[in-house]
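>>> The sequence isn't on hand, but the structure is:
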């Protein structure tokens, strides 16, 4: 599977709650239940998941080259060009801020897991899965171009990411 090429049109999006005991998880769990988002909610096109680590070199006195590379802050971000535009997505982005006026002065934004399953049409019994944990939507845009169909985009920040082959 390491030599296979998986295309973005083969990815699907599933939303799931990471920890329903936290305020963010409770808000996300309520939305998953309300909009029945436990199944596949859409296809992803032009998906981008970026993991950056702020690696810091450590130099000993008198040393020209670093003796250690120390791990720094790990940041997981990403975007998807195509996602469903519906009330659920707006509620995910805004949290309780979608209600006017909000129920409380301070409200949490829901956090979710994004699971992308990648399949090769030539090998339907094999798949790879990229799971992004603790996702919070950072930016959402809705574009109505003239003479075309509606496009929407979303960017996100996350806690961590995993990859596994099935």
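Structure received. Owing to the predicted nature of the structure, the values given are computational and were not obtained by experimental measurement.
>>> mind checking how far the residue nearest to residue 22 when sequence neighbours are not counted is from residue 34?
Leaving aside its sequence neighbours, residue 22 sits nearest to residue 111 (CB to CB, 6 or more residues apart in numbering; 7.8 Å). Every C-beta, even on glycine, is put in place using the N, C-alpha and C of the backbone. As judged by CB to CB, to the nearest Å, residue 111 and residue 34 stand 16 Å apart.
>>> the residue most distant from the middle of the protein, which is it?
residue 62 (44.3 Å; CA atoms, centre = their mean).
>>> ok so, going back, neighbour count for residue 111 and residue 34, which is higher?
The neighbour count for residue 111 versus residue 34, taken as other CB atoms under 10 Å, is higher for residue 111 (25 against 11).
>>> If I look at residue 69, what pLDDT would I see?
The per-residue pLDDT reported for residue 69 equals 91.
>>> Kindly report the same for residue 83.
In this model, residue 83 carries a pLDDT of 67.
>>> Tell me where the protein has strands.
12-16, 40-43, 48-53, 56-58, 68-70, 74-80, 112-120, 123-143, 151-158, 160-165 (DSSP state E).
>>> Determine how far the fourth one lies from the middle of the whole chain.
By that I understand strand 56-58. Chain-centre distance of strand 56-58: 30 Å, with CA atoms, centre = their mean, to the nearest Å.
>>> That concludes my questions; thank you for your assistance.
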